[in-house]
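Novice: Here is my input; please provide its structure:
(2 chains)
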Amino acid sequence: MFYNINETYISFSGDKMENTERSILHSDANNFYASVECLYNPSLHGKPIAVAGNVEERHGIVLAKSNEAKACGVKTGDVLWHAKQKCPDIMFIPPHYDLYLKHSKMLQDIYADYTDRIEPFGLDEAWIDVTGSSMLFGSGEEIAQKIRKRVKTELGITVSIGVSYNKVFSKLGSDMKKPDAVTVITKEDFKEKVWKLPVNEMIFVGYSTLKKLMSRYIYTIGELARTEPGNMNCWLGKTGLLIWGYANGFDSTPVSAAGVNPVIKSIGNSTTAPQDILTESDAKMTLMMLSESVSARLREHEFVCETVQLSIRSANLSWIERQAKLDVPNRTSKSIFDLAMSLFKANHDGQPVRGLGVRASQLKYADFIQLSFLSDCARIFKHEELETAVDGIRNRFGHSSLQRGVMLTDFDYSKHDFKKEHLNTFINF
Amino acid sequence: MRKVFVEVSATFGTDGNITPHAIVWEDGTKYEIDKVIDKKNRASMKAGGLGLRYTCRIENQQAYIFYDGEKWFVEAKV
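Specialist: Numbering: from 1, shown residues only, chains lettered A, B, ... in the order given. The predicted structure is shown next:
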């Protein structure tokens, strides 16, 4: 069996051409939200704090916590009463996303002083390929130390940086020593440093994959690496081979260049409702608001979609996802809503629903739509024009300047503008 | 330490550089800046916030003045 093992670069140095091992950094801002809050309010330093969502809107979970709160056992995702039980002195701070975005941009500005190959991974993490910068700024480790010191003095927060020859190991490295540290993983010592780690520390090994691996007595990255690749293929398919390769250091995924927009594969919005959704009519308003946001964002990016996906999160936090195809690819909120609503009717088992999500996928550029004389298409084009006009009015006079009648069933909730509140932070690996 | 926002007289150069000349303290007293010694991006861990930190000499004493892109502030004793 042949596996692509290509982790070398060809670099030009003067007239000389040489093979260079890649030097990839993964920078992870420590307790990002909580650190930014402490920076703007120094009296919080050294105290157990957690940045938390609004309890009344049922977003009351811990989004980030300080080291002091972490020491008491508080975890990201804990509900607030549970966090308070673990740490009675904990202080909850509301999030300030504008500050986090500002700091995230400033972090990237610092990285950009060393390379143009920066791939953000959320607001607080990024891969930085400094292979081509070593002649100017030193080795990967030296650049990592410079970045670490600059972030501390210039931004008042700390980062942990992993340095390695591929993205997977550099990410593992950034988790090894925290806070304010640099960890180097080389081709020579990765077996010693990485193979002893639990297998779920590695990217792409989520809950389901972990369960399958554990049922085959694979608990560490080393055990995964030593498994026969044929078996991995048999048990987990392509993903099995992929993670087997990662465990052995065979990852040649490039770091995207700064400013290159990732390919958008889907556009979606989801929300936690202020009260459990019990009936179809309760779901109607939320699905309409979500569909309107998805539809407006599709227009903004000049896409139409073929498939609509609905996710339903139950009150017991279990969730399902169901999808269906539109008869004609389009982006009107009516079409998206109609399909999402029919999926809801078909799949809602009557249990109280905590949250809903609508996602448009199989996107196509709107310039290349098949025209048709069928009445369905004519109606869609009419809706499209209508909704474009609505977008224009909302852009000028605010989101709530024009609303559907269904929104009046809960006036306060209908003031939410999911499109505006949407935070696009996650970029696929 | 507390964060005190101050009024600043400054020159905005054609190259985009900003040079502060004087600050007006919260009680209205005006202090001339004798010299700007250094300027660097820095976080203010004592008062909170960050920005372009100007190290200045004012009446023979070294002082820091921060410009956060919108406002000027200094770190003051409580």
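Novice: Let me know the helix or strand that residue 28 is in.
Specialist: Assuming you mean chain A. Assessed by DSSP states H and E, residue A:28 sits inside strand A:24-29.
Novice: look at chain B instead
Specialist: Counting by DSSP H and E, there is no helix or strand that carries residue B:28.
Novice: buried sites along stretch B:2-10?
Specialist: B:3, B:6, B:8, B:10 (16 or more other C-beta atoms under 10 Å in any protein chain shown). All C-beta atoms are positioned from the backbone trio N, CA, C, and that covers glycine.
Novice: Check the average confidence over that stretch, would you?
Specialist: Here stretch B:2-10 scores 95 as its mean pLDDT.
Novice: center of chain B - which residue?
Specialist: residue B:65 (1.9 Å; C-alpha atoms, centre = their mean).
Novice: Return the set of residues that bridge with that residue.
Specialist: Under DSSP bridges, the beta-bridge partners of residue B:65 are residue B:54.
Novice: Around the residue in chain B positioned nearest to chain A, count how many other residues there are.
Specialist: Closest residue of chain B to chain A, C-beta to the nearest C-beta: residue B:43 (2.7 Å). Residues contacting residue B:43 under the criterion other C-beta atoms under 10 Å in any protein chain shown number 20.
Novice: pLDDT at it, what is it?
Specialist: pLDDT, residue B:43: 96.
Novice: now residue A:375
Specialist: Looking at residue A:375, its pLDDT is 64.
Novice: next one: the one 4 residues further on
Specialist: Model confidence at residue A:379, expressed as pLDDT, equals 83.
Novice: before we move on, the earlier item: and the strand holding residue A:28, which residues are buried?
Specialist: Neighbour counts over strand A:24-29 (16+ other C-beta under 10 Å) mark A:24-29 as buried.
Novice: Kindly report the same for stretch A:264-279.
Specialist: Using 16+ other C-beta under 10 Å as the test for burial, stretch A:264-279 gives A:267-274, A:277.
Novice: can you check stretch A:332-341 too?
Specialist: A:332-337, A:339-341.
Novice: so residue A:110 touches residue A:147, yeah?
Specialist: Yes - proximity of residue A:110 to residue A:147 meets the contact threshold set by C-beta atoms under 8 Å, at 6.2 Å.
Novice: which of the two has more neighbours?
Specialist: The neighbour comparison of residue A:110 against residue A:147 (other C-beta under 10 Å) goes to residue A:147, with 23 against 18.
Novice: how about that one, secondary structure?
Specialist: With DSSP: H, G, I helix; E, B strand; the rest coil as the basis, residue A:147 sits in helix.
Novice: Pull the contacting residues for it.
Specialist: By C-beta atoms under 8 Å, 6 or more residues apart in numbering or on different chains, residue A:147 lies in contact with A:25, A:27, A:110-111, A:114, A:128, A:159, A:161.
Novice: Can I get stretch A:89-97 in CSV, CA atoms only?
Specialist: Included here for stretch A:89-97 are C-alpha records, laid out as CSV according to Å, rounded to 0.1, in the frame of the first residue of the first chain:
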residue,chain,number,x,y,z
ASP,A,89,-16.4,32.5,44.7
ILE,A,90,-16.5,32.5,40.9
MET,A,91,-17.5,35.8,39.1
PHE,A,92,-19.4,35.6,35.9
ILE,A,93,-18.6,38.3,33.3
PRO,A,94,-20.7,38.9,30.2
PRO,A,95,-18.9,38.4,26.9
HIS,A,96,-17.6,41.4,24.8
TYR,A,97,-17.2,39.9,21.3
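Novice: Which residue is the nearest non-sequential neighbour of residue 46?
Specialist: Let's take chain A. Nearest non-adjacent residue to residue A:46, counting by C-beta to C-beta, 6 or more residues apart in numbering or on different chains: residue A:68, 6.6 Å away.
Novice: ah, I was thinking of chain B
Specialist: residue B:1 (3.8 Å).
Novice: How about residue A:24?
Specialist: The shortest distance from residue A:24 to any non-neighbouring residue, by C-beta to C-beta, 6+ apart, is to residue A:170 (4.7 Å).
Novice: And the one you found, what's its pLDDT?
Specialist: Reported pLDDT for residue A:170: 97.
Novice: pretty sure it is touching residue A:127, no?
Specialist: Yes - applying C-beta under 8 Å as the test, residue A:170 and residue A:127 come out as touching, 6.7 Å apart.
Novice: got any residues that touch both of the two?
Specialist: Shared contacts of residue A:170 and residue A:127, defined by C-beta under 8 Å, 6+ apart, comprise A:24-26.
Novice: wait, which of those residues is closest to residue B:34?
Specialist: residue A:25 (42.1 Å; C-beta to C-beta).
Novice: Could you give the bridge partners of that closest one?
Specialist: Counting by DSSP bridges, residue A:25 is bridged to residue A:128, residue A:163.
Novice: Model confidence for it, exactly?
Specialist: Listed pLDDT for residue A:25 reads 97.
Novice: and if you look at the one 3 residues further on?
Specialist: pLDDT, the model's per-residue confidence, is 97 for residue A:28.
Novice: nearest residue to it other than its sequence neighbours?
Specialist: According to C-beta to C-beta, 6+ apart, the nearest residue to residue A:28 is residue A:174 (4.3 Å).
Novice: other SSEs contacting the strand or helix carrying residue A:376?
Specialist: Assigned by DSSP H and E, residue A:376 belongs to helix A:375-397. Applying 3 or more C-beta pairs under 8 Å, 6 or more residues apart in numbering or on different chains; DSSP states H and E, one finds that helix A:375-397 makes contact with helix A:280-300, strand A:319-330, helix A:333-347.
Novice: In JSON lines, list those along with distance to residue B:69.
Specialist: Putting the helices and strands packed on helix A:375-397 into JSON lines (distance: least, C-beta to C-beta, whole Å) gives the following:
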{"stretch": "helix A:280-300", "distance to residue B:69": "28"}
{"stretch": "strand A:319-330", "distance to residue B:69": "42"}
{"stretch": "helix A:333-347", "distance to residue B:69": "38"}
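Novice: From residue A:103, how far off is the residue in chain A that chain B sits nearest to?
Specialist: Closest to chain B within chain A is residue A:156: 2.7 Å, counting by C-beta to the nearest C-beta. Distance, residue A:156 to residue A:103, by C-beta to C-beta, to the nearest Å: 9 Å.
Novice: now do residue A:243
Specialist: In this view, residue A:243 and residue A:103 are 32 Å apart by C-beta to C-beta.
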